[in-house]
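Q: Pasting the sequence and the predicted coordinates here, then a few questions.
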Amino acid sequence: MGTTVLVDFETFKRDVLPPLPPDTTSEPLDKEKIQRAQTLVMKGFQAVGDENKKSVSPKEDQIAETVVKAINSLELPEYKASLSRYKADPSDDTKSKVDAGLYPKDCAPPDDRPDWTHCRLYIEFKKGNVAYDPWDDRPTEQPESVRSSRKKVRDQLIAYAQHIFHYQHRTALLSLFIIGEEFRVMWWDRSGVIVSKKMNYYKDPKPLLEFIWHFAQLSDEQQGLDPTATLIKTDDSDFKLMNHLAQPHTLDMDYLEPGTEDIVADTPLARSASNGPSPSSSNEAMPPEAEPESHDDGRVGRDAEGKAPKDEWKKQPVFKYVRHQFRESLAPGWPRYRLEVGPEKRVFLVAKPTFKSSTMFGRATRGYIGVDVQTGGFVFLKDSWRPFYKDVDPEGTYLKLFETDEDSEMDVPTVVCHGDVGSQVAFTAGYEERWRQARKRDLRETLRENHVPSDSAPSGSASKKRAKPDDELDAASQETNAASEPERLRHHIHYRIAVEEVCLPFSEFRTTEQLIRLMSDCIETHYWAYRNHNLLHRDVSAGNVLILPKLVTDDDGTETVEWRGILTDWELAKRVPQEDEDDVARQPERTGTWQFMSVDYIDCNWTRPIVIADELESFLHILIYYAVRFLPNTLPSVTKFVIDYFDTFSVDPTTDKRTSGAAKRTAVRFGVLSTEQRKDIEFLKNTRKQGNPLNKLLTNLLALFAARYTVILHELPATAPEDGNDVQTSPVPNHTITRSRAKVRRAGKPWNTVKREEPRTETALPVYQPWMKDEAKKLDTHDEFLRLFASALDAPATEWLDTNVAGKDQLVNYEPRVVFAAAVDAVSTRTVGQESSRRRSTWI
């Protein structure tokens, strides 16, 4: 899907560029400054050795130095342009180097490196060659060129914009792209990018210089900075307070379940925040200790009203991993902010996000370990741009709804506060919509003005010319736009939510039993949401299941840590309509995460609503994903399997629609996990012996889906398309207490009140049998799914021996976005003549 709206420069100035604030006192750009800058440009483009001749093809460095000098010759009151071509920001793990930027004068980097925290407008330079221009101004072409060299530059510009949004808290960003002697201006937000058509600044530098002059007079908010986010300076008391709260404390609690403390787990958190020696006695780098500043009233901080004394904050007991993650977020050189959340504008202190979306456009979720200024407690704060459509409720609405349940044991985050951030909506999607409507009006006027030729008039009126009636004009305009315009951009509104629970990633599980139990918890939450509120989650994926360590009290009064599986990110949830209600689509595109969507939902190209069976299949894919990564297995290459199963897709040459890859399709169609060589995959014990209870659970779950897909093909035959790593043995855990407590929690649940029958698994040959309908219908509810998980967890303790994690993440050298993008590019750049050679899924 394209993300660009291409307009001419004058339209950009009129419609996109914010007007000057009413209180602006600066004079318009005078002719003398324009002439001085033009002289610098002409001089900078002179050919080497000949002052009277213009260089035919000046190099990027020559262009960059010339333009930056010209900008600075304007003597902007508060801003300065700085080059940053050869050195990276020390805090930037990606080591990105944008060519130049416009900065507040007191923040302009002096050492030829970018400062992503303070950059107000970035500038990128390319030599004058169409091969380096990401966009195509020709009216007959789509604005986003698919040529590899041009797409590479576009990806580079997107990455720079994303970088600034990552470091800063913004609603939008303006940037400048210089290509040879021409320039483009860009407006970036979470819906897309508005780009101006090229203008020649060498012949006439006035438009470029006036843009810079205008930009420099805009307010911070007009330049795209979020007014609800305040940058914390290093000498601020809150900056020192964050350092203070990052220090380990004697009250910090261990977070592992009893019996798992000695299991070797090679995850980032396990390596650096184990229950072993505290960070204060290790070589771990920490912010310097700093006591919070006190006020005369005995309280501390900026505003004492309604806040707990800050000198007591650190004494609140937390799990060790929570303070560790907060300490990790205080990365050197990374900006810290005060963020306002909810209508009450409650303030939280945050630094580097612990999680960020890997894309510029879309929800752009960032997660932070924050400090609640009102209580001093740690919270998890999520900042995102949620879909903005009628009847689409924010996540906090659903979480608050779940809190009203009295008959369920839903483990969901507890809302501290939440709300849309003012009226901050992504401008580009709304502008594109108005732009489309304007184009339709223009086309309508054109058709009215140009009469239909006589030879195309209906019989009986061949000698007359007539204008088309309005209904024909509308049809014509729709047909024209459908053929020439990209899909519509999505509307997004800025949203923040703070919750009490700071969770662990699902990758931190230590044993097979934990993995199954935690996954069962998440499915149970899904069950209660559907039963009590008629809600489906609609984005069940690996990133939306988490682990919450909790303190529970045993019968003897002893407090013990118990892990619970948490299903999060309910912002795409939707109420399932009753039988007498229509299921109207609230959003114009598919919902969910590709890698974990059900095969059938992808096959239907998202033309039907998500159903329970789709969500249960997503849980199955998540279970497989974490199992192959962390449990001993017979796969020769986990990375290759993950790419084949989760990221590979096939393309139908007749419709150009993507469908699931063969590995994922085979699993649910035939009920078998296998490699490309058709060898079955088995999960092993740490001793490399057989007997892991997960295998039986997967066999039973896959059998249900094999029945479902056999029935689907039987009932809709016309729609069917053609079609060991080294591990170490870990100590045997003692899970008796945890398993017993979990078994008590499972007892009496609705899905356990019916006598359990052995599932039918005779689906090795995908031939339809009448009994398969009954098996497939079991996926219309959660009951059978949860019964199978409960049965697996009831296995004797001896079966769980030596079923710990493999000691390391077996998924190496893997970046899903890169893999998937490469596959998409491979498809999109094929010529028509290659259509017949496209790989297709095969139903055997």
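A: Nice, I can see it.

Q: who touches the residue lying closest to Gly377 once chain neighbours are set aside in this structure?
A: Closest residue to Gly377 apart from its sequence neighbours, by Cβ to Cβ, 6 or more residues apart in numbering: Gln316 at 6.0 Å. Bear in mind the C-beta positions are built from the backbone N, C-alpha and C, glycine included. Shown in contact with Gln316 (Cβ atoms under 8 Å, 6 or more residues apart in numbering): Leu251, Gly376, Gly377.

Q: Most neighbours of all the residues you listed, which one?
A: Greatest neighbour count in the contacts of Gln316, by other Cβ atoms under 10 Å, goes to Gly376: 22 neighbours.

Q: May I have the secondary structure class of it?
A: coil (DSSP: H, G, I helix; E, B strand; the rest coil).

Q: pLDDT value on it, please?
A: Confidence at Gly376, expressed as pLDDT, is 93.

Q: follow-up on the earlier one: now tabulate the contacts of Gln316 in TSV and tack on distance to Lys550.
A: Listed next are the contacts of Gln316 as TSV, based on distance: Cβ to Cβ, whole Å:
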residue	distance to Lys550
Leu251	17
Gly376	21
Gly377	16
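
Q: Tell me the one among these nearest to Asn243.
A: For those, the residue nearest Asn243 by Cβ to Cβ is Gly376; the value is 14.4 Å.

Q: Pretty sure Glu433 sits against Arg439.
A: No. Counting by Cβ atoms under 8 Å, Glu433 does not reach Arg439; the two are 10.9 Å apart.

Q: Leu546: which element?
A: Under the criterion DSSP states H and E, the helix or strand holding Leu546 is strand 545-553.

Q: hang on, I meant Phe177
A: Taking DSSP H and E as the criterion, Phe177 maps to strand 173-179.

Q: Any chance you could list what contacts that strand?
A: Strand 173-179 is touched from outside by 17, 63-64, 67, 121-129, 132-134, 157, 160-161, 164-165, 183-189, 198, 201, 211-212, 215, 223-224, with contacts defined as Cβ under 8 Å, 6+ apart.

Q: Parallel or antiparallel, list what pairs with that strand.
A: Take DSSP bridges as the rule and strand 173-179 pairs in its sheet with strand 121-126 (parallel), strand 182-188 (antiparallel).

Q: Give me the buried subset of the contacts of strand 173-179.
A: In the contacts of strand 173-179, burial by neighbour count holds for 17, 63-64, 67, 121-128, 132-134, 157, 160-161, 164-165, 183-189, 198, 201, 211-212, 215, 223-224, counting by 16 or more other Cβ atoms under 10 Å.

Q: Tell me the spacing between the spatially closest residue to Asp61 that is not a sequence neighbour and Pro114.
A: Using Cβ to Cβ, 6+ apart and skipping residues adjacent in sequence, the residue nearest Asp61 is Arg85, 7.4 Å away. Shown here: Arg85 relative to Pro114, a distance of 9 Å by Cβ to Cβ, to the nearest Å.

Q: who's more crowded, those two?
A: The neighbour count for Arg85 versus Pro114, taken as other Cβ under 10 Å, is higher for Pro114 (28 against 16).

Q: quick one, helices of the stretch 251-400 of the chain?
A: 268-272, 320-329, 395-402 (DSSP state H, counting those that start in this stretch).

Q: which one of those lies closest to Lys206?
A: Nearest of the helices of the stretch 251-400 of the chain (Cβ to Cβ): helix 320-329, 45.8 Å.

Q: and the strand holding Leu546 with helix 320-329, angle?
A: Orientation of strand 545-553 against helix 320-329 (axes from the mean of the first three to the mean of the last three Cα atoms, to 10 degrees) gives an angle of 140 degrees.

Q: Strand 545-553 pairs with which strands, and in what direction?
A: By DSSP bridges, strand 545-553 pairs with strand 504-505 (antiparallel), strand 559-567 (antiparallel).

Q: got JSON lines for these, with mean pLDDT and distance to Lys773 too?
A: Formatted as JSON lines, these follow (pLDDT from 0 to 100; distance: least, Cβ to Cβ, whole Å):
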{"stretch": "strand 504-505", "mean pLDDT": "96", "distance to Lys773": "39"}
{"stretch": "strand 559-567", "mean pLDDT": "96", "distance to Lys773": "30"}
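
Q: Now render these as a markdown table, adding distance to Gly259.
A: A markdown table is the format used below for those (distance: least, Cβ to Cβ, whole Å):
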| stretch | distance to Gly259 |
| --- | --- |
| strand 504-505 | 17 |
| strand 559-567 | 11 |
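
Q: Adding mean neighbour count and distance to Val668, write those strands out as JSON lines.
A: Rendered in JSON lines, the data for the strands paired with strand 545-553 read as follows (neighbours: other Cβ atoms under 10 Å; distance: least, Cβ to Cβ, whole Å):
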{"stretch": "strand 504-505", "mean neighbour count": "19", "distance to Val668": "26"}
{"stretch": "strand 559-567", "mean neighbour count": "20", "distance to Val668": "21"}
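
Q: Provide a list of residues in contact with the spatially most central residue of the chain.
A: Closest residue to the average C-alpha location of the chain: Ser357 at 3.4 Å, with Cα atoms, centre = their mean. Counting by Cβ under 8 Å, 6+ apart, Ser357 makes contact with Arg363, Ala364, Thr365, Arg366.

Q: Quick check: it vs Pro413, distance?
A: Distance from Ser357 to Pro413, by Cβ to Cβ: 19 Å.

Q: just to revisit the earlier point, check which residues of the strand holding Leu546 are buried.
A: Val545, Leu546, Ile547, Leu548, Pro549.

Q: Quick check: chain neighbours aside, which residue is closest to the last one?
A: Take Pro549 and drop its neighbours on the chain: the residue closest to it by Cβ to Cβ, 6+ apart is Tyr255, 4.4 Å away.

Q: Assess the claim that the one you found and Val318 are in contact.
A: No. Shown here, Tyr255 and Val318 do not form a contact pair, counting by Cβ under 8 Å, at 9.4 Å.

Q: Of the two, give the one with the bigger neighbour count.
A: With neighbours defined as other Cβ under 10 Å, Tyr255 and Val318 compare such that Tyr255 has more, 24 against 19.
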